[in-house]
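Have a look at this prediction, sequence included:
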Amino acid sequence: MRFILIALSLSAAATQADAARILFAGGNWAAIDFGVRCEARSKALWAKRNTEPFAGFAFDRAGARQGQFYVHLGRPARTGAAVMATIGTEPFLLGANGQWAWSRSPDQQAGLLDAARYGTGMRIEYRDSSGRRTVEHYALAGAATAIDSAAAACAGIKGGS
């Protein structure tokens, strides 16, 4: 039941211009087809009041993004602050601007994809615009299947779309 609620709330986050179709929902992750892009996405656990943090991996049908990791932070990051994603014990320094952070290179993207497939949890740490240390936690149950479903759908592979 929890994964259905997560999938519904994640697809509701899409703008009305994006026709979202849920491809998979399981554990804490969902795969969503937005037409020109597909995403494996999850909401943060225990989000603070009035915040909507979520993270995911994006795939474009045109091929520009093939598993780019991104995070919509619960609060804007302080200008110049480091945003770190840690999966298990492996840290990843992300690129960031305002409330968004993302993988910085294809090698880092591959490392994040691999870590998310086999990890059990992820945390995102940063300083918000007022200097407070912020930590957002994500469970990775269902991440591997959501990633595979999103990748297959945007690659046009039958069974994934």
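Now that the structure is in, tell me what you want to look at.

which intervals of the chain have sub-threshold pLDDT?
For the chain, the stretches flagged by pLDDT under 70 are 1-18, 158-161.

again, only this time at 80
Scanning the chain for pLDDT under 80 picks out 1-19, 47-51, 63-64, 156-161.

quick one, strands of it?
Ranges of strands within the chain are 21-26, 29-33, 37-43, 54-60, 66-72, 83-87, 90-97, 100-102, 121-127, 133-139, based on DSSP state E.

Select, out of those, the one closest to Ile147.
With C-beta to C-beta as the measure, strand 37-43 is the member of the strands of the chain nearest Ile147 (4.4 Å). All C-beta spots, glycine's among them, are computed from the backbone N, C-alpha and C.

returning to that earlier point: now, of the strands of the chain, which is deepest in the fold?
Of the strands of the chain, the one with the most neighbours on average (mean count of other C-beta atoms under 10 Å) is strand 29-33, at a mean of 28.

just checking, what packs against that one?
Contact here means 3 or more C-beta pairs under 8 Å, 6 or more residues apart in numbering; DSSP states H and E; on that basis strand 29-33 packs against helix 2-12, strand 21-26, strand 37-43, helix 143-155.
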